[in-house]
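Enquirer: Sequence plus predicted model, see below.
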Amino acid sequence: MENILEKVEGAMALQSFIQGIVDFSDSEMEVIMAHFKPMSLPSGEYLVDEGLVCKHIGFITKGYIRTYYEINEVEVTTIVNTKHNIVTAHTSFTLQRPSMAYIQAITDSELLVLDHKSMQELYAKIPKWERLGRLITEGVYGYMEGRVVDYLSLSPEDRYRKMLEENPKLLKDVPLRYIASMLGITPETLSRIRNKVHKG
């Protein structure tokens, strides 16, 4: 029963997410939702491996999923996506070319996913769907640009404080090694910053 409720809540959250960006009619939403399929991604499993083409764009209904790159044999986490957010390797999915990123569940996760063929079908069937795709892409690149500016202009402590203010649940639920990587610091430095911030 709980699983059924979670699926219903997930579908409703996805519809709300989509309608919050572009207003679709009920009949259009029915067509859109029919193209999304449920996917379970156990902790440690990958939505996409580096070097493989990303086949899906997903809406997370449960769990935490990180995107990371291997740079000089070191894993660098760039983002941890949470419930009710979109996750994909955007360039790989859009252009259907090998991904430079890994996308991995760090908890047992559930998604509603759309494959590339379905995405193209929706572009053809529903003209406003293209606007949705453009607005989501603009949002992603705006977010990433903001991250770059923060990295260049803020101290590690200020970056931590900003994350604490904007997403305290992320700091509570996600392993600190991933948080440290996102902030561009070592876990030891993060530990010192946390102690200072929370004592102060």
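Expert: Nice, thanks for sending it over. Quick caveat: nothing in here was measured; it's all calculated off a predicted structure.

Enquirer: Okay, and the nearest residue to E130 once chain neighbours are set aside sits in which element?
Expert: Counting by Cβ to Cβ, 6 or more residues apart in numbering, E130 lies nearest to Y123, which is 5.3 Å off, once chain neighbours are set aside. (Glycine included, C-beta is placed from N, CA and C.) Using DSSP states H and E, Y123 sits in helix 116-125.

Enquirer: Tell me which stretches of the chain form helices.
Expert: 2-19, 26-34, 90-95, 116-125, 127-153, 156-166, 168-173, 176-183, 187-199 (DSSP state H).

Enquirer: Out of these, which is closest to T61?
Expert: Nearest to T61 among these is helix 2-19; the distance by Cβ to Cβ comes to 3.2 Å.

Enquirer: just checking, what packs against the closest one?
Expert: Applying 3 or more Cβ pairs under 8 Å, 6 or more residues apart in numbering; DSSP states H and E, one finds that helix 2-19 contacts helix 26-34, strand 56-62, strand 109-115.

Enquirer: Just the buried residues of it, please?
Expert: Buried residues in helix 2-19, counted by 16 or more other Cβ atoms under 10 Å: 10-11, 13-15, 18.

Enquirer: between these, which is nearest L171?
Expert: Nearest to L171 out of these is A13 (Cβ to Cβ; 22.6 Å).

Enquirer: Might one say that that closest one is in contact with T61?
Expert: Yes: using Cβ atoms under 8 Å, A13 is in contact with T61, at 6.5 Å.
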